[in-house]
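> need a 3D model of the following:
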Amino acid sequence: MVEPRDAAVDARAGVDRQIVWFGLLAIGLTWAAWLPLSASNRGWVDIHPSPYLHFVGGLGPALAGIIMTATHDGRRGLGLLWRRVTTGPGRWLFFAIAAPATAYVVAISVAAAFGVHVDLALTGASEEFSSMPVAAYWVANLVFYGFGEEIGWRGFALPRLQRRRSALAASMWLSLLWGLWHVPLFFFSAGLGTMPLIGLVGWAASIVTGSVLCTWLFNSTKGSIAVLALFHAALDIFIGSPTGGDVVANVMGAFVVIGALTIPRRFGRENLSRSPKVTVTDADPVR
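Residues are numbered from 1 along each chain as shown. Here you go, the predicted structure:
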């Protein structure tokens, strides 16, 4: 007979294997779209892939999460994931937009105070996809980066990591996977590709602190991917707006860091929120 402790160890190992396979699948699907862009930008091959492969690659975590959910949890798991994707508390949906927007207003105010030229007409615009209408870029950001990432990272991986770990520990482990997933961007993304060493340290810190912040939001909303996707997209859109140079991005990044450092002290490491952490055993994650 298997002892309870042995059963717990086996259960944790089984969940961890699911995370490993999910990570490999998410990275494989995303890198299949991003590596041609990397190779072309670096001159390694004479090809001219569409820049919109950057968007396509964002769907890797979502596709991996759906495949793994269907494999391990079947229809019930897919139904649970669908409810998380399509449902969210109204006040938190408002917060998902209002918080990044407020941080953005403060950031451009700081930039203006320091004499940086601020062009508000560029709010929400994209330097990488400058030919796209702004509204189309916002929708694409929500679909490909918001839902494309969060269905996988928080929809599939985080509840499993939290099953036998604290929310803080789960956030740390997830940040490693999330950071590795981004690697090809350093070979074709203008912002990351030209980043100095100190900037790389800051970027790594932003992944860790962003992971903590997203875990807080996920657990606080009882597992709403809709809220996470909206927050993720809004934060990316505002922080990437070329309105006030690096000052806007740095100030908004500082808000993320401050929030992430405050959360464990205020809510505790176990749940990182007032609500219990969300795991794969939750029957009704969103109310």
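
> helices of the stretch 51-200 of the chain, start to end?
Taking DSSP state H, counting those that start in this stretch, the helices of the stretch 51-200 of the chain run over residues 53-57, 60-86, 90-113, 134-140, 148-152, 158-161, 167-181, 185-188, 190-193, 197-220.

> alpha carbons of the first one, as PDB, please.
Extracted C-alpha coordinates of helix 53-57, given in PDB (Å, rounded to 0.1, in the frame of the first residue of the first chain):
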ATOM      1  CA  LEU A  53       4.400  35.900 -37.100                       C
ATOM      2  CA  HIS A  54       5.100  37.900 -33.900                       C
ATOM      3  CA  PHE A  55       1.400  37.900 -33.200                       C
ATOM      4  CA  VAL A  56       1.000  34.200 -34.200                       C
ATOM      5  CA  GLY A  57       3.700  33.100 -31.800                       C
END
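
> helices and strands around that helix, which ones?
Using 3 or more Cβ pairs under 8 Å, 6 or more residues apart in numbering; DSSP states H and E, the elements in contact with helix 53-57 are helix 4-41. Any C-beta I mention is one placed from the backbone N, CA and C, and that applies to glycine too.

> Ala205 is in contact with Ala260, isn't it?
No: using Cβ atoms under 8 Å as the test, Ala205 is too far from Ala260 to be in contact (9.2 Å).

> name the residue in those two with the higher neighbour count.
Counted by other Cβ atoms under 10 Å, Ala205 and Ala260 do not tie: Ala260 has more neighbours, with 22 against 15.

> which parts of the helix or strand the more buried one falls within are buried?
Assigned by DSSP states H and E, Ala260 belongs to helix 245-267. Under the neighbour-count criterion of 16 or more other Cβ atoms under 10 Å, helix 245-267 has 247-249, 251-253, 255-257, 259-260, 263-264, 267 buried.

> distance from it to the middle of the chain?
15 Å (Cα atoms, centre = their mean, to the nearest Å).

> what mean pLDDT does that helix get?
Helix 245-267 shows a mean pLDDT of 91.

> ok, residues contacting that helix?
Residues external to helix 245-267 that are found in contact with it (Cβ atoms under 8 Å, 6 or more residues apart in numbering): 100, 103-104, 106-108, 110-111, 114, 116-117, 168, 202, 205-206, 208-210, 212-213, 216, 235, 238-241, 272-274.

> and those residues, which are buried?
100, 103-104, 107-108, 110-111, 168, 206, 208-210, 212-213, 216, 235, 238-241, 272-273.

> contact partners for the nearest residue to Pro36 once chain neighbours are set aside?
Closest residue in space to Pro36, ignoring its immediate chain neighbours: Pro49 at 4.1 Å, by Cβ to Cβ, 6 or more residues apart in numbering. Residues near Pro49 by Cβ under 8 Å, 6+ apart: 36-37, 40.

> just name the shakiest helix or strand of this protein by mean pLDDT.
helix 190-193 (a mean of 73; mean pLDDT, DSSP states H and E).

> now that helix, how far from the centre of its chain.
That offset, for helix 190-193, works out to 18 Å (Cα atoms, centre = their mean).

> and if you look at stretch 171-179?
With Cα atoms, centre = their mean, you get 10 Å for stretch 171-179.

> pull out the buried residues from it.
Neighbour-count burial for stretch 171-179 flags 171-175, 177-178 (criterion: 16+ other Cβ under 10 Å).

> how about stretch 16-36?
Applying 16+ other Cβ under 10 Å to stretch 16-36 flags 16, 18-19, 22-23, 25-27, 29-31, 33-36 as buried.

> averaged pLDDT, it. What do you get?
Rounded mean pLDDT across stretch 16-36 is 96.

> contacts for it, please.
45, 47, 49, 53-54, 56-61, 63-65, 67-68, 72, 152, 156-157, 160-161, 173, 177, 180-181, 184-185, 188.

> just the buried residues of these.
Buried subset of the contacts of stretch 16-36 (neighbour count, 16+ other Cβ under 10 Å): 49, 53-54, 56-61, 63-65, 67-68, 72, 152, 156-157, 160-161, 173, 177, 181, 184-185, 188.

> which residues are in contact with Pro159?
Pro159 sits in contact with 223, 278-280, 282, where contact means Cβ under 8 Å, 6+ apart.
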